[in-house]
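# sequence and predicted structure are below.
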Amino acid sequence: MSETILDRILNEKRKEVRELKFLGLNYQDSPLKEQKKSLYSHFKDSDHLEIIAEIKRASPSKGDINIHMEPVDQASIYERGGAGAISILTDTPFFKGTMDDLYRVSQQISLPVLCKDFIIDEIQIDRAKQAGADVILLIAAAMDQDQLKKLHDYATSQNLEVLLEVHNEEELVRAQSIEAKIIGINNRNLKTFEVDLGTTEHLASKIDRAKTAIISESGMKTQEDAERVAKAGVDGLLIGETLMTSGTVAEMISNFRVKKGDTLKSDLVNKGEFTS
Ligand SMILES: O=C(O)c1ccccc1NCC(=O)[C@H](O)[C@H](O)COP(=O)(O)O
């Protein structure tokens, strides 16, 4: 089988982890760091889709996206524009991000901050926490089930929330078996880079919405996209490229913050427009 982009990224991460264990961690825990509102509660309590707005300089699928942006400025624009959380891609070789981006943003922004990296070892969780993360990403496809559970439990024991990312039914079952509270459904196929919002529609229907916050990740371009996944029952969207290349971020965020599916449905019922 040929090597996928995820395989290539994970090979780099194994080297990074070895180096990190050799060199040790850089950041001191900030004693003044205030407890932020939990992403889970904020996204579940809202009657609109909430937005995780991403700082994304570049990506394997698109190359350079916006490499000259200043992360703290961009995160402030997101915060003022109504985002519910900030995601920072901290991987350097493939996304041109840094842990320092995360550290600086977390010092200045009061929204929960997600460390979006390819985490395979506890030391990366310690580093993310020290740099100011409130939430970490774990990707089911990046590891076996024992390791996924171990890292999930370790992160939650450190008072971090976990966004557990899945791409298919088999990964979703794994996420459910460790009782992940926040499940990210990635619409991007990491082998072909193709984006299909049908992935969210298919997998969201298999998740218990009462106890899970569901995030649809990747490929959001228009309000129609948001409405489509809202109908599938999601609580939030993770959006990178579209916001990184927009000159009207606040307007875009407001357009994406459509009503959640159940509210949309009751509006239509009230207007006598809901069928089936
Ligand atoms: O974005 C990529 O090309 C990519 C390739 C391989 C692994 C992960 C990748 N992206 C990480 C993400 O999950 C996205 O940055 C995030 O969902 C936002 O996506 P988008 O709104 O399409 O920029």
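Right, received. Where do you want to start?
# could you use CA atoms for every contact and neighbour count after this?
Noted.
# in the stretch 1-150 of the chain, what residue is nearest the ligand?
With C-alpha to the nearest ligand atom as the measure, S61 is the residue of the stretch 1-150 of the chain nearest to the ligand, at 3.7 Å.
# quick one: that residue and T192 touch, right?
No: counting by C-alpha atoms under 8 Å, S61 sits too far from T192 to count as a contact (9.1 Å).
# neighbour count winner among those two?
S61 (14 against 10; other C-alpha atoms under 10 Å).
# kindly report the residues of this protein close to the ligand.
Applying C-alpha under 6 Å from any ligand atom, one finds that the chain approaches the ligand through 59-61, 190, 217-220, 238-242.
# can you give me the strands for the chain?
All strands of the chain, identified by DSSP state E, fall at 50-55, 58-59, 63-64, 85-89, 113-116, 135-139, 161-166, 182-186, 213-217, 236-239.
# which residues touch the third one?
What it means is strand 63-64. Here strand 63-64 makes contact (C-alpha atoms under 8 Å, 6 or more residues apart in numbering) with 57-58.
# could you give the mean pLDDT of it?
Strand 63-64 carries an average pLDDT of 97.
# what stretches of the protein score poorly on pLDDT?
1, 27-34, 262-271, 273-276 (pLDDT under 70).
# just want the most central residue of it.
Closest residue to the average C-alpha location of the chain: L238 at 5.4 Å, with C-alpha atoms, centre = their mean.
# what does the longest helix seen in the chain contact?
Counting by DSSP state H, the longest helix found in the chain is helix 5-23. Under the criterion C-alpha under 8 Å, 6+ apart, residues 60, 94, 118-121, 123-124, 142, 190-191 lie in contact with helix 5-23.
# report the two of these separated the most.
For those, the farthest-apart pair by C-alpha to C-alpha is I123 and K191; their separation is 27.4 Å.
# looking at the two, which one has more neighbours?
A count of neighbours by other C-alpha under 10 Å puts I123 above the other of I123 and K191, at 16 against 12.
# OK, contacts around that one?
17, 20-21.
# pretty sure L111 is touching S87, no?
No: using C-alpha under 8 Å as the test, L111 is too far from S87 to be in contact (10.1 Å).
# just to revisit the earlier point, N255 is nearest to which of the strands of the chain?
Using C-alpha to C-alpha, these put strand 50-55 closest to N255, at 10.6 Å.
# chain center to the closest one: distance?
Its chain's average C-alpha position is 8 Å from that of strand 50-55, according to C-alpha atoms, centre = their mean, to the nearest Å.
# again, but for stretch 151-163
On C-alpha atoms, centre = their mean, the centre of stretch 151-163 falls 15 Å from that of its chain.
# with stretch 129-138 instead?
The gap between where stretch 129-138 is centred and where its chain is centred comes out at 11 Å by C-alpha atoms, centre = their mean.
# and stretch 249-260, by the same measure?
The chain centre lies 17 Å from the centre of stretch 249-260; the measure is C-alpha atoms, centre = their mean.
# buried residues in that stretch?
Buried residues in stretch 249-260, counted by 16 or more other C-alpha atoms under 10 Å: 249-250, 252-254, 256-260.
# great, nothing more from me.
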